[in-house]
Every structure is written in C-alpha cells, then in structure tokens.
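Q: Curious how this folds, go ahead:
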Amino acid sequence: MKRLLVSVSLLCAAGVSFSQSIDEGVKHLYYKRTKAAKATFQKIVNNNPNDTKATFWLGEALLAADDVAGAKALYQKALQAAGSDAWLLIGMGHVEIAEGGDINSAKQKFEQAITATKNKKGVENVEVLVAIARVNAAGGSKYGDPVYGAQKAKRAAEIDPKNADAPVFEGVNYLKMGGDKGGDAVQAFTEATVRDPKRADAYFRIGRIYQSQNNKESFDTWYGKALEADGSYPDTYLAYFQYFQDKDVNKAKEYLDKFVANSEQSCITDYFVADYLFRAGKYQESLDKANAMEAGECKGQPRNNVLFAYNYDRLHDSIKAKDALDVFFAKEAADKIQPDDYIFASKLYSKIPGYTDQALGFLNKAAAVDTLAKNRISYYNDAAALLTKAGKLDAAYEYTVRAVQLKKGPTSEFDYYKLSKLATDALVTNPELYPRADSIIKAYLQAFPEKPQGYGLMTKAAKIVDTANATGLSFAAASAAIDFYKKDTAKYKQQLFDAYYTQVGYYNDRLSDYAKAIEVLDSILVIAPNEPTTVRYRGIIQKNLDRKNNPAKEPITPKPGVRPKTSGGK
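A: The predicted model follows:
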C-alpha cells in the first residue's frame, strides 16, 4: 500500500533537505519544536486551506502548545468546509480527549476515520491508525484510551513492517497502562529501533523505564544509545539534567546547556534555566528569571508559579510561596501536575500552622498519580510522620500499613516495630483499638521472637488499657515478657523487675493470693538479693499471708439475757 506519510525516523536517517512540507512539520514535533511546527503547518494551510491532513497536523501543533481552544476552532471551521473528513475527525476526537470529554465519542470519530480510509481490499490506512495511536499516547494515564491506542498501533505495525512510528506509540500506550506493561513497552520500543536504528526516542524511552527502576547502569546504556543514534534529540539531555539536578548541580548544568542548545527557545527552556538557578542556590537570580518570564511571552504559564514558590520558600517567605502554589494548582491542568509538585506543596503547607490536612491531601494526590511503588511508599511514610507530629496516631498507623503493604518480600523487623509502636501509642486516646495493637504485636513477636522491643510494647499496650491491673491483660503480658527476659537476667534486669511487680500487684491486690505474690518476690530476690524495697514488700505480704492462714480468735459476745457458762456453775 502506498504510504502517505514518511515516518519521522526515515526522514532523519535519510538526511533529506526539507522544504515547507508536512514531513518537515512532523519532524519539528518530534524534536519538540512546537513553534516551528506550527509555522510550517500554518504556511501549508494558508497556501491550501483544503489540505485537511495539514490542518490536522496544525491542530496537533496547537495541542502540543496547550492551545486546545485554538485547535478546536481550527477543526470546527475546517469541518464546516470539508464535511466529515477522516483527518479532521481524528483531530476533533483529540480535542474531545483534551477537554476531558466522552472518550467513547472520540473513539467513534476515530472508527469513522478508519472506515473512511480503508482501501479497496478493506485494509486500514497505516497513517490514520498511527495518528490515532499517537493521540491516545499523549498526556497522562487518564488521557485517552491507551488500550485502544496500543491496539491501533499494533495493527499499523502489522500492516507496514517498516513503519517505526507504530511500535513507538504502541510502547507509549503500554506505559500508560501501568508498570505491569513495562515489558511489553520495552519490546515495542526495541522493535522500533530494529525498524529504524536512528530512532532516538525509542532508545530514550527504554532508558526511562530503567531509570524508573533506579537502575542507573541500564538507563545509562540506553540513554547512551539514544545520544549515539541522534545527538540532536533533546529529551535525553533533559532526563540527565533532571537526574543530576539534586545530586550534582555542575553535571546537571552540562546537560541543561546541551538541552537548551538542541531545543527550540521557549517557555520550557526558560523554565528549566530558572529551575537550575534555584537548584544552584541562586534564589534571587531564579526569582528574577521567573519574573522576566511572567512579564514576557511566558506570562500566565502555570509553572511560573512553581518557580515563585520554590524561591520564596528558600527566601523564608512561606506565605508568598503558598500563595504562588495556590495559583499554580488553580490554573494547571490536573494531568500536568507532577508528583514532585504535590510533595513540595505538602512540605510547604506542613510548615504553616493549621494546614496539616491540606499537606496530607497533597501527599494523597502524589500517591494517586505516581505509579512507582517505591515513591508511593515514601509518600505514605511522609503522611504517617505528618500525622504522628499532629498527634493523629490512629491515622498514622493506617498510612504506615499502606507503606508496608507496598513493599516486596516479608515485613521487616523495623516495619513491625513501627506498626506496633503506632498501634500502642494510639491506645492513649482510643483504648478500644487494643485488639488491633495486640494483633500486630503478636505478629511481631512471632516473626521476631528474639527481639525485646515486641515484649516491651506488649506490656505497654496492656498497661494502657488495663490501668488498674484488674482485667488480667497486664498480668498476661508481663508473664509472657518474663519468659523472654529470664534468658538474660543481667541484660533485662529492670524489665524483669517491672514485669515481676506487675505480677505481684495482680496476685496481691486482685486475687489476694499472698503466697503467689511472695513466690514472685522471691524470684526478684534471686536476681537482686536483699533488694530493700522487695524485702520490705515481702515482709508486709508475709504478714497478710500469716493473718490469712492464722486468723485471730474473736471473743464470744453473749447474747442479751443469756448468762455465760462457767466451769463450776449450776
């Protein structure tokens, strides 16, 4: 089948001298040169308003620049002139997705476009399938239908075994489905590099997958392949800048310079320059750059406010930083807010009295949009720490449980300790939670019976709910702890004393079993002979036992009117 659109990869490999053409505009989009792409497509449309494919790509350039309204107006006007053209239907479907509309309505338009462009043998048009896959690959995980997009990309790859665009967009759609599709994504991206060894974006995306797994050796390898395939592809430099920005600011600057040199100068490059200045500790310079952006063509860009917030925070003006973040969250599209934005907001809000709930809300949002388990574990632990500081120990326990459940492998001793301690401390305000505390502590002791911390928490939890040593909970916990502490009486001497005295109190005060109480006191004296307090208590309880065993005979009181008998009386 005759191909209507040369793939970006083949254009790059062939080194074609570009004229004003659709292919040139698509290449600009590949390199993220949005302004150049828009100018190229606009010139074609101006010369031929009936070129619906060029109109589609002009709309894609507008959407890439976040101009949803402009793309919508463009497509609506073209549809009035050309009717239900396949390319314009795909464009309008993309607009519906960008507006958060009915995904089924968008897919209906895509299906109309596919049907309208089948050849005489009923085979789908590859360009149309790839365009639909591209639309669904855009944005975050909730943008479009990645399952549908992957299916269309896979079908395009089957029809045209040389097309490298199809497996790239197939892989991107797989990534949007979640971490369990990472293997499928790598396979698709690898296929793209087989079809076109110069396909830098495919190598780059494999590297990103390994970076998400914190596998530096592997992502270095794939990023290296991306740079070797095409040193002009900017995203690889940006990825390295962001990797080093908090680790090595000088190395980050090297990659930032390469990113800027290979990118179209725009609000995006300006943003990262200002971000670098912030990371380098040049807060006032970064703030000045952000102000210049707001005063120029980048005016109104939501992320300007992130820069303001970063720098105001470091310049010790939390209120101005908070105000800037409030503007950012109000203006920015939800699918463009990054987990790091929420984390920064959480830390900032937690500094301001009365904003604990809002800080917690930001951590929840970060966990909702971040698919990496290790990051979500960090967010939940941060939430637990925030709630612990606020005295909301019950809620802190629940977040710690979430963090522990996300970890692979058996629960660690430290995690058991954290959960047991939080569950125990929460009893101070809510004793009814004792069954939960008792359960997790018992699990801790079963998993790590050689650790003393579990026994200490077990006795502490019991004492919190059995304050008067009346129900037997404290006694039972103390008895179990004694069995452990007796293994090393020198090391656990004080713990043994405390546990033994809990037994003494229960036997003496609640059961009046003085013999048992003395037996326990004698156990203490074996460890600490002649310990004064124990000796004194033993003496007191011994007297109680003697009185119990040998009660004093009471004198007989005669009943009224009755004479007591005498030995010789009549």
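
Q: alpha carbons only for contacts and neighbour counts from here, please
A: Will do.

Q: List the buried residues in the one helix or strand Phe204 maps to.
A: For Phe204, the host element (DSSP states H and E) is helix 200-212. The neighbour-count check on helix 200-212 (16 or more other C-alpha atoms under 10 Å) flags Ala200, Asp201, Ala202, Tyr203, Phe204, Arg205, Ile206, Gly207, Arg208, Ile209, Tyr210, Gln211 as buried.

Q: Same question for stretch 105-123.
A: Buried, per 16+ other C-alpha under 10 Å, within stretch 105-123: Ala106, Lys107, Lys109, Phe110, Gln112, Ala113, Ile114, Thr117.

Q: got the contact list for the last one?
A: With contact taken as C-alpha atoms under 8 Å, 6 or more residues apart in numbering, Thr117 is in contact with Ala86, Glu124, Asn125, Val128.

Q: Quick check on the second one: phi, psi?
A: Listed backbone geometry of Glu124 is phi -70, psi 150, with angles given as degrees, to the nearest 10.

Q: mind checking how far it is from Ile159?
A: 8 Å (C-alpha to C-alpha, to the nearest Å).

Q: swap in Lys107?
A: 21 Å.

Q: Same question for Val26.
A: Val26 sits 21 Å away from Ile159 when distances are taken as C-alpha to C-alpha.

Q: Of those two, which one has the most company?
A: A direct count of neighbours by other C-alpha atoms under 10 Å for Val26 and Ile159 places Val26 higher, at 27 against 14.

Q: Can you tell me the SS state at Lys142?
A: coil (DSSP: H, G, I helix; E, B strand; the rest coil).

Q: residues in contact with it?
A: Asp335.

Q: returning to what we had before: so of the buried residues of stretch 105-123, which ones are in helices?
A: The helices, defined by DSSP state H, take in Ala106, Lys107, Lys109, Phe110, Gln112, Ala113, Ile114 from the buried residues of stretch 105-123.

Q: I'd say the third one and Gly93 touch.
A: It stands for Lys109. Yes: using C-alpha atoms under 8 Å, Lys109 is in contact with Gly93, at 6.0 Å.

Q: quick one: the strands in the stretch 51-200 of the chain?
A: Using DSSP state E, counting those that start in this stretch, the stretch 51-200 of the chain contains no strands.

Q: Show me the shaky parts of it.
A: Within the stretch 51-200 of the chain, no stretch has pLDDT under 70.

Q: swap in the stretch 251-400 of the chain?
A: Checking the stretch 251-400 of the chain against pLDDT under 70 turns up nothing.

Q: Please enumerate the helices of it.
A: Taking DSSP state H, counting those that start in this stretch as the criterion, the stretch 251-400 of the chain contains helices spanning 267-279, 283-295, 304-314, 318-331, 339-350, 356-369, 373-389, 393-406.

Q: Show the buried residues in the contacts of Thr117.
A: Buried among those by 16+ other C-alpha under 10 Å: Ala86, Glu124, Asn125, Val128.

Q: Now the two most distant members of those residues.
A: By the measure C-alpha to C-alpha, the buried ones among the contacts of Thr117 have their two most distant members at Ala86 and Glu124, which lie 12.2 Å apart.

Q: joint contacts of these two?
A: In contact with both Ala86 and Glu124: Ile114, Thr117, using C-alpha under 8 Å, 6+ apart.

Q: hmm, who's touching stretch 446-458?
A: 413, 417, 420-421, 424, 438, 441-442, 444-445, 477, 480-481, 484.

Q: Scan the residues you listed and report the most crowded one.
A: Neighbour max across these (other C-alpha under 10 Å) = Thr424, 30 neighbours.

Q: and the gap between that one and Asp498?
A: Distance, Thr424 to Asp498, using C-alpha to C-alpha: 18 Å.

Q: Gln187: which of the contacts of Thr117 is nearest?
A: Nearest to Gln187 among these, counting by C-alpha to C-alpha, is Val128 at 22.8 Å.

Q: OK, contacts around the closest one?
A: Trp87, Ala113, Ile114, Thr117.

Q: make it 7 Å
A: Applying C-alpha atoms under 7 Å, 6 or more residues apart in numbering to Val128 gives the contacts Ile114.

Q: how close does it get to Lys109?
A: For Val128, the distance to Lys109 - C-alpha to C-alpha - is 12 Å.

Q: can you pull the buried residues of stretch 294-303?
A: Buried-residue list, stretch 294-303, by 16+ other C-alpha under 10 Å: Glu294, Cys298, Gln301, Pro302, Arg303.

Q: list the contacts for the residue lying closest to Thr115 once chain neighbours are set aside?
A: Of all residues not flanking Thr115 in the chain, Glu124 sits nearest, at 7.4 Å (C-alpha to C-alpha, 6 or more residues apart in numbering). Contact partners of Glu124, counting by C-alpha under 7 Å, 6+ apart, are Ile114, Thr117, Lys118.

Q: out of these, who's nearest Asn215?
A: Ile114 (40.4 Å).

Q: Next one: that closest one from Trp87, what distance?
A: 10 Å.

Q: Contact partners for the closest residue to Tyr312 other than its chain neighbours?
A: Distances taken as C-alpha to C-alpha, 6+ apart put Ala321 closest to Tyr312, at 5.1 Å, once the chain neighbours are dropped. Contact analysis of Ala321 by C-alpha under 7 Å, 6+ apart lists Phe308, Ala309, Tyr310, Tyr312, Asp313.

Q: Among those, which one has the most neighbours?
A: Neighbour max across those (other C-alpha under 10 Å) = Ala309, 27 neighbours.

Q: List the residues that contact the nearest residue to Leu387 once chain neighbours are set aside.
A: Distances taken as C-alpha to C-alpha, 6+ apart put Ala396 closest to Leu387, at 5.2 Å, once the chain neighbours are dropped. Shown in contact with Ala396 (C-alpha under 7 Å, 6+ apart): Ala384, Ala385, Leu387, Thr388.

Q: let's go with 6 Å and repeat that
A: Ala384, Leu387, Thr388 (C-alpha atoms under 6 Å, 6 or more residues apart in numbering).

Q: Between these, which sits nearest Val404?
A: Using C-alpha to C-alpha, the contacts of Ala396 come closest to Val404 at Ala384, 11.6 Å.

Q: What's the separation between that closest one and Asp23?
A: 53 Å.

Q: Compare those two and say which is more crowded by neighbours.
A: Neighbours per residue, other C-alpha under 10 Å: of Ala384 and Asp23, the larger number sits with Ala384, 26 against 20.

Q: and that one, what does it touch?
A: Contacts of Ala384 (C-alpha under 6 Å, 6+ apart): Ala396, Tyr399, Thr400.

Q: on that earlier part again, save the contacts of Thr117 as TSV, and put in distance to Ser218 too.
A: Output for these, formatted as TSV (distance: C-alpha to C-alpha, whole Å):
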residue	distance to Ser218
Ala86	42
Glu124	38
Asn125	37
Val128	35
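
Q: Now intersect the residues you listed with the helices, please.
A: Ala86, Val128.

Q: now, which of the contacts of Thr117 sits nearest Glu170?
A: Using C-alpha to C-alpha, the contacts of Thr117 come closest to Glu170 at Val128, 14.1 Å.

Q: where does that closest one sit relative to Lys251, distance-wise?
A: Val128 is 42 Å from Lys251, by C-alpha to C-alpha.

Q: list the contacts for Phe362?
A: Tyr342, Ser346 are the contacts of Phe362 under C-alpha under 6 Å, 6+ apart.

Q: mind running it again at 10 Å?
A: Pro339, Asp341, Tyr342, Ile343, Phe344, Ala345, Ser346, Lys347, Tyr349, Ala368, Tyr379, Ala383 (C-alpha atoms under 10 Å, 6 or more residues apart in numbering).

Q: Filter those down to the buried ones, ChimeraX style.
A: Restricted to buried positions by 16+ other C-alpha under 10 Å, the ChimeraX selection for the contacts of Phe362 reads:
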select :339,341,342,343,344,345,346,347,349,379,383
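
Q: Out of the contacts of Phe362, give me the two with the largest separation.
A: Among the contacts of Phe362, Tyr349 and Ala368 lie farthest apart (C-alpha to C-alpha), at 18.8 Å.

Q: if I look at Lys109, how far off is Ala150?
A: Counting by C-alpha to C-alpha, the gap from Lys109 to Ala150 is 17 Å.
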